[in-house]
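In: model this:
(one chain, ligands or ions: 1)
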Amino acid sequence: MPTRSASILTGKAFNGWRLFWLITAAMCVAVALAMPAADLASPLGVSAMIQFSVRVAVPWLFLAFAASSLAALFPGAFSRWLLRNRRFLGLCFAAGMAWQLLFILWLVTGHWNYYLNEAYSYFDLAVQVPGYLVLIAMTATSFRFGRSRLSARQWKALHKGGIYFLWAVVWSTYWYELFYYDDIQPIDYAYYWAGFAAWGVRVAAWGGKRTWRTVHVPGRAADSIAK
Ligand code: HEM
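Out: Coordinates of the predicted model:
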């Protein structure tokens, strides 16, 4: 008989589009509650909302990034649930980042001088703009109409390369904050280490695959050692 937690994980409410809408609604409520507390007439308030909206989005990226590796390393009801819903978790990240984009546009259009003097950096922009382009491309090709425009190979390259790139943009931002900023908050540490752990399980899963091939696939042992 399935345990109670296993049957919750297979139930309709916490899978697929329902899961997406549940998480997205929760993110929207969180953003709506945070907005009155931030002074949106001031650039600092808008900047705080940029930060807040990234913070509600990032956990879903890390979960989507680690899903296949967790399923390989720790097969079970939870990791199967993660893997099944990886696409929807990725879309939740995109929905949270749509809020960030809104606040970025708010900052740039409403407080141009502040943006230029305090937030703009050519180097950051060279990573942030491709970040959004990759995110938009991944989102569009998560649906049939976008997916059908790519070959299976192109789709895989976009989604595999894309999730590494997005993870790297987010994780490097927290790494940079911890090493170069003074006003570090506990959540910066939490996201830094969560991102590191997500990458760690990926590395452990590669290791697992290599060992499995070396032990189980005839002719692969010599191959793996040669590489
Ligand atoms: C044109 C594009 C972008 C601009 C102008 C931009 C701007 C900003 C600004 C001004 C902040 C600082 C908020 C503050 O500390 O007060 C910020 C934070 C951040 N952004 Fe972006 N961003 C862009 C795109 C992206 C993308 C594509 C990603 C990830 C895929 C990303 C991830 C982050 C992260 C992780 C933070 C740190 C949030 C925190 O401190 O918890 N940004 N961004």
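
In: Surely Leu178 is in contact with Tyr192?
Out: Yes: the pair Leu178 and Tyr192 passes the contact test of C-beta atoms under 8 Å, sitting 5.6 Å apart. All C-beta atoms are positioned from the backbone trio N, CA, C, and that covers glycine.

In: what about these two, which has more around it?
Out: Tyr192 (20 against 14; other C-beta atoms under 10 Å).

In: who does the one helix or strand Lys160 maps to touch, helix- and strand-wise?
Out: Lys160 is part of helix 152-180 when elements are defined by DSSP states H and E. Judged by 3 or more C-beta pairs under 8 Å, 6 or more residues apart in numbering; DSSP states H and E, the packing partners of helix 152-180 are helix 43-73, helix 122-140, helix 186-216.

In: highest average neighbour count across these?
Out: Comparing these by mean neighbour count (mean count of other C-beta atoms under 10 Å), helix 43-73 comes out on top with a mean of 21.

In: That helix and the ligand, are they touching?
Out: Yes: contact check for helix 43-73 against the ligand, using C-beta under 6 Å from any ligand atom: residues in range are Ser47, Ala48, Ile50, Gln51, Val54, Arg55.

In: Now do the contacts for the fifth one.
Out: With contact taken as C-beta atoms under 8 Å, 6 or more residues apart in numbering, Val54 is in contact with Gly96, Met97, Gln100, Val170.

In: ok, the closest residue to the ligand within the chain to Ala41 distance?
Out: Taking C-beta to the nearest ligand atom as the measure, the point where the chain comes nearest the ligand is Gly131, at 2.7 Å. Computed with C-beta to C-beta, to the nearest Å, the distance linking Gly131 and Ala41 is 28 Å.

In: Check the most centrally placed residue in the chain and give its pLDDT.
Out: Taking C-alpha atoms, centre = their mean, the centroid of the chain lies closest to Leu61, which sits 1.7 Å from it. pLDDT, the model's per-residue confidence, is 98 for Leu61.

In: dump the residue contacts of it.
Out: In this structure, Leu61 makes contact with Leu89, Gly90, Phe93, Ile163, Leu166, Trp167, Val170, judged by C-beta under 8 Å, 6+ apart.
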